[in-house]
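Colleague: just the structure for this:
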Amino acid sequence: MPSVLPRGAAPVIAALALALALATAPPATAAPGDVRVRVGVTGGPYTAGVGLVVTGPRTVFGGFYCAADGLAATPLTALVDANEQYGLGGVQARWDAATQDFVVTSIHGDAADGKKKWNAYVNEKKITTGPCHTAIKGGDKVRWTLEA
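Modeller: Coordinates of the predicted model:
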């Protein structure tokens, strides 16, 4: 026997559906400082270019808050978030006391050594401050390259 809704039930169901849709969690970009950027990894055996990455100021590598000027997303937060959102195969870094910032030591197992290091570029310009001290904005292209 087919089920029949009582007269007037359709508007109630539509209103309920609308209320549920509005009650869902806000999109990931709702946090202050979050932006969408593109992230690429080149220079080693592993090369990747991922879709839009939602990134923002955040805690990285066991407790350090990484945010340019305390407010803005950075090349390092973009890399860490790209790894979490797209599975780049792991990101490792060490703290450098001299620069008071992180140095990326490995991406997807491609390790920096005495001859090569991981450098970050934002819109094809090599950054000149540490990766947690460089601000990025929505629409930027962030590239990490293993180079001599």
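
Colleague: helix, strand or coil for the residue nearest to F102 when sequence neighbours are not counted?
Modeller: Closest residue to F102 apart from its sequence neighbours, by CB to CB, 6 or more residues apart in numbering: A93 at 4.1 Å. Where C-beta positions appear, they are placed from N, C-alpha and C, glycine not excepted. For A93, the secondary structure call by DSSP: H, G, I helix; E, B strand; the rest coil comes out as strand.

Colleague: residues in contact with A93?
Modeller: Under the criterion of CB atoms under 8 Å, 6 or more residues apart in numbering, the neighbours of A93 are 60-61, 76, 102-105.

Colleague: quick one: least confident of those?
Modeller: In this model, the minimum pLDDT among the contacts of A93 belongs to F61 (93).

Colleague: what's the distance between that one and E147?
Modeller: F61 sits at a distance of 22 Å from E147 (criterion: CB to CB, to the nearest Å).

Colleague: any weak-confidence spans in this protein?
Modeller: Along the chain, the parts satisfying pLDDT under 70 run over 1-30.

Colleague: show me where it has helices.
Modeller: Defined through DSSP state H, the helices belonging to the chain, from first to last, are 9-22, 75-86.

Colleague: show me where the chain has its strands.
Modeller: Listed in chain order, the strands of the chain (DSSP state E) span residues 35-42, 48-55, 58-60, 64-66, 91-96, 101-107, 110-111, 117-122, 125-126, 141-147.

Colleague: make TSV out of those and add distance to N83.
Modeller: What follows is the strands of the chain, written out as TSV (distance: least, CB to CB, whole Å):
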stretch	distance to N83
strand 35-42	9
strand 48-55	9
strand 58-60	11
strand 64-66	14
strand 91-96	5
strand 101-107	8
strand 110-111	13
strand 117-122	13
strand 125-126	21
strand 141-147	11
